[in-house]
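S.K.: One predicted model, sequence on top.
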Amino acid sequence: MIPISDDNPTRITPFVTWLIVAACVAVFLWEISLGKTMDVALFVLGFTPAALFHPHAAPEGAIYYPPYKTIFASMFLHGGFLHLAGNMLYLWIFGNNVEDAMGHIRFTLFYLVSGIAAALTFAFMEPSSQIPMVGASGAISGILAAYVLLYPRARVRVIVPLGFFLYPMTISAVWVIGFWFFYQLLMAALSNPTQPGTAWWAHVGGFAIGLLLTPILKSSEFPLFGQPRRGPWG
């Protein structure tokens, strides 16, 4: 399912979400300006598990940047246009409401911690991997966890691709995000983390920390399991 919008209004201007989107787009424009050396930049600035657990095992002629730097840099790097577009679509749709529920500062902290947890989960699953990880999807996974806790009944408009056809649907967030997480968990269990591809375990780790942090960082005005419904008494 590809989400395209939701019917969940916000009370504040989600400028942190907008700034993250703008930063990721700006960094990607910088990446493509490098031309043929873009892959080198991704290797150097991406988060590599071996750099954390085996810092002296860098391939011949390569130098690992300190993980405490690349773990942040990797959150704003993307391997291609579709990688960027998919991540920014999810962030644009779901990030504003989570920022609304947490406030700007706590949302910023939540985003960064989710991204760190995602990278560390990937690293612990394959500590010897010399394949760098890039992308904002680990942090965005935390946002999805927060959204489904805070707004499980929010209506999300999605497109379901079936063969050559695209079917529009409107369903509850709990089903959209629940299906998304089940797919991530399934693919993580089936994937080989030593091979290039999607860092599925990073998505799982980001989602898990999002579930843990949301009750702590959400505003007291927002109930944990969705907005309460008003009865006929007011």
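M.R.: Yep, that arrived. Numbers count the residues shown, from 1 in each chain.

S.K.: What are the boundaries of the helices in this structure?
M.R.: Ranges of helices within the chain are 15-33, 38-45, 49-53, 67-73, 81-102, 104-125, 137-150, 173-190, 200-217, based on DSSP state H.

S.K.: Can you tell me which of these is most buried?
M.R.: Ranked by mean neighbour count, these are led by helix 137-150 with a mean of 28 (mean count of other CB atoms under 10 Å). Every residue, glycine included, has its C-beta placed from N, CA and C.

S.K.: so how far is that helix from its chain's centroid?
M.R.: Helix 137-150 sits 7 Å away from the centroid of its parent chain (CA atoms, centre = their mean, to the nearest Å).

S.K.: circling back: least confident of the helices of the chain, on average?
M.R.: Mean pLDDT is lowest for helix 49-53 among the helices of the chain, at a mean of 82.

S.K.: quick revisit: among the helices of the chain, which comes closest to residue 2?
M.R.: The closest of the helices of the chain to residue 2 is helix 81-102. By CB to CB, the value is 7.7 Å.

S.K.: got the CA positions of that closest one in CSV?
M.R.: Output of helix 81-102 as CSV, limited to C-alpha atoms (Å, rounded to 0.1, in the frame of the first residue of the first chain):
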residue,chain,number,x,y,z
PHE,A,81,15.5,9.3,-6.3
LEU,A,82,13.0,6.6,-5.5
HIS,A,83,14.6,5.9,-2.2
LEU,A,84,14.3,9.6,-1.3
ALA,A,85,10.8,10.0,-2.7
GLY,A,86,9.4,7.1,-0.8
ASN,A,87,10.9,8.2,2.5
MET,A,88,9.8,11.8,2.1
LEU,A,89,6.3,10.7,1.2
TYR,A,90,5.9,8.8,4.5
LEU,A,91,7.5,11.6,6.5
TRP,A,92,5.3,14.3,4.9
ILE,A,93,2.1,12.4,5.5
PHE,A,94,2.7,11.1,9.1
GLY,A,95,5.4,13.3,10.5
ASN,A,96,3.3,16.5,10.9
ASN,A,97,0.8,14.8,13.2
VAL,A,98,3.4,13.2,15.4
GLU,A,99,5.2,16.6,15.6
ASP,A,100,1.8,18.1,16.6
ALA,A,101,1.4,15.6,19.4
MET,A,102,4.9,15.9,20.8
